[in-house]
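**Student:** when you get a sec, could you give me coordinates for this:
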Amino acid sequence: MSRLMSFLTGGSSPRRRIGLTVAATGLGRIVSVGYNFFLVPILLSSWGIQVYGEWIVLSALASMATLSNVGFIQASLSEMILRISAGEQEEARRVLSTTIVGLVALVIVVFGLGVVILNMADPQWLFAAKAIPVSDARVVVELSLAGVLLSFFPGALSAPISAARGAGITQAVMTIAKLGELVSIVVIALFHGGPVAVTAMPVLSAVLTSIAFVALIRHLVPWLTISVFQFRRETFRRLLHPSLGQFLLYASTNIVAIQLPRIVLGHLGGAAVVAVYSVAVTYTRAAKMLTGVLAQSFQVEITRAYGEAKYALTTKLVETICQIGGWLTALAVCGMLIFAGPLFQLWTRGKIPADFALIAILGVATVTSAYNEGFIYLLMGINRVWAIALGHFAASIVAIAAGTILYPELGVYGLAAALCLPELVLAVVGISDTAKALQTKRTALFRQSLQLPVKIVRHEAERAASVLFRPFRS
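**Tutor:** Below you'll find the model as predicted:
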């Protein structure tokens with residue numbers, strides 16, 4: 001058992017911990033894709049299109065509660081990793097207790113308000129459900145809301161485990177929970193279970209994952225305790241400031257820069273232009289899927305190295321993410337440009353042709369975004385995101401305004417080109433703040449982060465070959 005735990009937690013080597021995290025995160029992505037892919041035909045076959053469509057709408061109502069934590073979990077996660085890495089046990093206890101007590105209060109308030117609204121509002125107007133009975137529709141929304149709110153706890157509880165032994169084990173547990181959730185829903189659907197039973201599965205998954213993480217904390221970090229008496233208002237206030245910055249960065253990168261341009265294009269060019277633009281954005285953003293998994297796997301190790309004051313190692317990790325992310329994504333975009341014609345023909349069934357100029361322009365923003373992930377994950381990990389969040393948000397607003405002005409002359413290409421601005425601004429601000437945090441020169445950091453990752457690839461290839469041919473040598 002101890003050997004298995006040692007293997008899953010990655011031991012003491014950062015390279016091994018990152019490797020296990022990459023494997024667990026990659027498997028998690030595969031399970032998530034399978035989750036969304038397999039449930040559609042299974043639920044459609046079991047329920048029919050009307051019930052399935054109404055269930056999607058009811059679940060979407062509750063999904064808005066995701067925004068209620070306003071970045072508090074990410075800020076708390078980063079703070080806990082920093083404190084545990086620095087050996088500040090007492091402060092780590094305060095941060096974890098303050099986070100859990102704060103989340104409990106948030107869940108009670110938001111869920112209570114949700115239940116009151118659901119019982120006071122006109123159900124026909126609120127649900128617009130015809131195939132699902134009103135009583136079941138209300139329960140589906142309440143269960144969906146509970147599932148969203150309870151999913152906050154595994155994120156907060158994963159931080160001490162990641163800080164102590166790496167993020168590989170927490171990713172593995174969440175992947176297993178997601179897989180169990182998928183299997184449970186499939187079984188329920190095959191036995192003709194309804195929307196209420198299916199919606200209850202994410203709630204059960206969140207509860208079991210939280211219990212598993214508490215057990216792991218007791219085993220791996222036995223000195224870390226959770227108590228309402230360790231709640232501190234000053235700790236809560238200290239976490240609230242960076243959490244709002246985390247929320248602004250999330251809103252800017254995922255809503256303002258992605259969804260708002262589509263709304264603007266809908267008014268300027270109509271639904272057909274929005275469809276062409278949205279498909280091109282989805283296509284080019286797929287180029288950074290692999291590098292996104294790699295960058296996410298480095299996040300905990302970057303925060304951990306910084307908390308231990310290992311600035312040289314932190315700098316190397318940040319530069320590695322920038323190099324791999326930027327160059328591999330650039331290579332992927334070039335390949336996707338070459339094969340865009342037949343891929344679009346197959347993907348859209350000939351309804352939307354590949355627009356090579358639009359893909360190339362969006363590709364510039366995608367490559368820059370992948371390059372920026374090194375700076376983003378460091379600054380998120382040490383709770384210094386306000387500068388990049390404000391810079392990206394302001395540049396996004398300016399870019400959308402500029403694209404709107406340029407639309408009569410340049411069409412969708414003007415807006416796509418303008419939207420490279422937020423990523424360029426984030427790069428400039430990110431390099432400046434990262435260099436300041438790591439006590440290094442901006443020019444040196446910039447040059448190193450742009451180098452081809454030849455040494456990294458060669459070193460890993462040599463290690464893989466050494467492991468592969470070791471039996472033949474002996």
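**Student:** which non-adjacent residue is nearest Val173?
**Tutor:** Nearest non-adjacent residue to Val173, counting by C-beta to C-beta, 6 or more residues apart in numbering: Ala212, 5.4 Å away. Every C-beta, even on glycine, is put in place using the N, C-alpha and C of the backbone.
**Student:** buried set for the helix or strand hosting that neighbour?
**Tutor:** Per DSSP states H and E, Ala212 falls inside helix 195-220. Neighbour counts over helix 195-220 (16 or more other C-beta atoms under 10 Å) mark 195-203, 205-210, 212-213, 216-217, 220 as buried.
**Student:** identify the residue nearest Gln296 in space, chain neighbours excluded?
**Tutor:** In space, Gln296 is closest to Thr25, 5.8 Å off (C-beta to C-beta, 6+ apart).
**Student:** distance of that neighbour from Ala417?
**Tutor:** Counting by C-beta to C-beta, to the nearest Å, the separation of Thr25 from Ala417 is 33 Å.
**Student:** ok, those two, which is more surrounded?
**Tutor:** Counting neighbours by other C-beta atoms under 10 Å for Thr25 and for Ala417 shows that Thr25 has the greater number, 23 against 19.
**Student:** does the more buried one really touch Phe298, like I thought?
**Tutor:** No - using C-beta atoms under 8 Å, Thr25 makes no contact with Phe298, being 10.3 Å away.
**Student:** identify the contacts common to those two.
**Tutor:** Taking C-beta atoms under 8 Å, 6 or more residues apart in numbering as the contact rule, Thr25 and Phe298 touch no residue in common.
**Student:** quick one, phi psi at the most centrally placed residue in the chain?
**Tutor:** For the chain, the residue lying nearest the average C-alpha position, counting by C-alpha atoms, centre = their mean, turns out to be Gln296 (8.1 Å). With angles defined as degrees, to the nearest 10, Gln296 sits at phi -60, psi -30.
**Student:** so where's the chain shaky on pLDDT?
**Tutor:** Across the chain, the ranges flagged by pLDDT under 70 are 1-13, 122-129, 454-474.
**Student:** OK, contacts around the residue nearest to Pro422 when sequence neighbours are not counted?
**Tutor:** With sequence-adjacent residues excluded and distances taken as C-beta to C-beta, 6+ apart, Pro422 is closest to Ala395, at 4.1 Å. Neighbouring residues of Ala395 by C-beta under 8 Å, 6+ apart: 421-422, 424-426.
**Student:** quick one: the helices in the stretch 251-400 of the chain?
**Tutor:** 259-268, 271-285, 289-307, 311-338, 340-347, 356-381, 386-410 (DSSP state H, counting those that start in this stretch).
**Student:** quick one: Val134 from Val141, how far?
**Tutor:** Where Val141 is concerned, Val134 sits at a distance of 11 Å (C-beta to C-beta).
**Student:** ok, the two, which is more surrounded?
**Tutor:** The residue with more neighbours, out of Val134 and Val141, is Val141; 24 against 13, by other C-beta under 10 Å.
**Student:** that one sits in which helix or strand?
**Tutor:** Judged by DSSP H and E, Val141 forms part of helix 134-150.
**Student:** in this structure the residue nearest to the centre of the chain contacts Gly28, no?
**Tutor:** No - assessed by C-beta under 8 Å, Gln296 is found out of contact with Gly28, at 9.8 Å.
**Student:** what about the top helix by length along the chain, distance to the chain center?
**Tutor:** Ranked by residue count, the top helix of the chain under DSSP state H comes out as helix 14-47. Relative to the centre of its chain, helix 14-47 is centred 13 Å away, using C-alpha atoms, centre = their mean, to the nearest Å.
**Student:** how big is the angle separating that helix from helix 195-220?
**Tutor:** 160 degrees (axes from the mean of the first three to the mean of the last three C-alpha atoms, to 10 degrees).
**Student:** tell me which other helices or strands helix 14-47 touches.
**Tutor:** helix 49-63, helix 168-190, helix 289-307 (3 or more C-beta pairs under 8 Å, 6 or more residues apart in numbering; DSSP states H and E).
**Student:** which stretch among the ones you listed is buried most, on average?
**Tutor:** Looking across the helices and strands packed on helix 14-47 with neighbours counted as mean count of other C-beta atoms under 10 Å, the highest average goes to helix 289-307: a mean of 23.
**Student:** the helix or strand Leu103 falls within to helix 134-150, inter-axis angle?
**Tutor:** Assessed by DSSP H and E, Leu103 sits inside helix 89-120. Interaxial angle of helix 89-120 relative to helix 134-150 (the same axes, to 10 degrees): 170 degrees.
**Student:** give me the buried positions along helix 89-120.
**Tutor:** Buried, per 16+ other C-beta under 10 Å, within helix 89-120: 91-103, 106-107, 110-111, 114, 118.
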